[in-house]
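Q: Here's my sequence, what's the structure:
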Amino acid sequence: MIILVFVIVKSETFYDICTMHQSILQHVYQHISPKEDDVIFFNGMLNEVTVPKGTFLLQPGNHVKDEFFVVKGCLKAYYMDVKGNQHIIQFAVENWWVGDFDAFYNNTPSSIYIEAIEDSLLLSIDSDSLNHVFEKAPIFERYFRILVTEAFISQRKRILSAQEKNTQQRYVEFCTSYSNIENRVANYDIANYLGVSPENLSRVRRKLKIS
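A: Next up is the predicted model:
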């Protein structure tokens, strides 16, 4: 049974709200140098969201109104082919943005699932609020442009890696990109993301553990 559950929170939850906002602000400062007023304005546009483990943040056909920043937890984004096979296109852990960006920017229904692998705490911003931020604090347009560029480069590297490198090389790259995620995500999900069989990946992981 498919369950879609996420909660927008305006008050303190089981995780400290100040810490939640601090994590995204640290991420912002790694990419741009906004003025204090711009930061305060952007911060005011964010909503806290909780997504319990095993539930969906997004499903195909949903109207996509928000982008999400992961404060705590782990999610996976994937699509299903016509035969019902799952194809994972992204994992999102702490300090990663996640969403159906195609649908968000082009105002079309979602084509992917985003599922929480762990209980997750996110910060969201909707399209209207984001455009308002761009108008009042234009430097944040540069921040999001950098994110889109980084995502494009990462996707291109992943395609080239799948064509040119063996399973061990791709798995090592994966562990570099997603630090410690191998202990949080099932072997078959990592194999799915890498486009290899779970058995092949298990052999590689055993080999690396021995060496």
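Q: did I read that right, residue 202 in a strand?
A: No. Secondary structure of residue 202 (DSSP: H, G, I helix; E, B strand; the rest coil): helix, not part of a strand.
Q: how close does it get to residue 77?
A: Computed as Cβ to Cβ, to the nearest Å, the residue 202 to residue 77 distance reads 24 Å. For glycine as for every other residue, the C-beta is placed from the backbone atoms N, C-alpha and C.
Q: And the helices in the protein?
A: 17-29, 36-44, 101-106, 127-136, 139-164, 167-177, 187-194, 198-210 (DSSP state H).
Q: least reliable of those going by mean pLDDT?
A: Note on those: helix 17-29 shows the lowest mean pLDDT, a mean of 81.
Q: neighbour count winner among residue 202 and residue 77?
A: residue 77 (18 against 13; other Cβ atoms under 10 Å).
Q: which ones are touching the more buried one?
A: Residues counted as contacts of residue 77 (Cβ atoms under 8 Å, 6 or more residues apart in numbering) are 58, 88-92, 98, 100, 112-114.
Q: residues near the residue nearest to residue 73 when sequence neighbours are not counted, how many?
A: Closest residue to residue 73 apart from its sequence neighbours, by Cβ to Cβ, 6 or more residues apart in numbering: residue 120 at 2.7 Å. Close neighbours of residue 120, defined as other Cβ under 10 Å, add up to 27.
Q: Next: residue 63.
A: Residue 63, neighbours per other Cβ under 10 Å, totals 10.
Q: now stretch 62-75, how far from the centre of its chain.
A: 7 Å (Cα atoms, centre = their mean, to the nearest Å).
Q: Could I get the buried residue list for it?
A: 62, 64, 66-75 (16 or more other Cβ atoms under 10 Å).
Q: now swap in stretch 162-181 and tell me
A: Applying 16+ other Cβ under 10 Å to stretch 162-181 flags 167, 170-171, 174, 178, 181 as buried.
Q: Nearest to residue 45, out of those: which one, please.
A: residue 178 (27.9 Å; Cβ to Cβ).
Q: what's the closest non-adjacent residue to the closest one?
A: residue 91 (5.8 Å).
Q: Hmm, the one you found is touching residue 180, no?
A: No. With contact defined as Cβ atoms under 8 Å, residue 91 and residue 180 do not form a contacting pair (11.7 Å).
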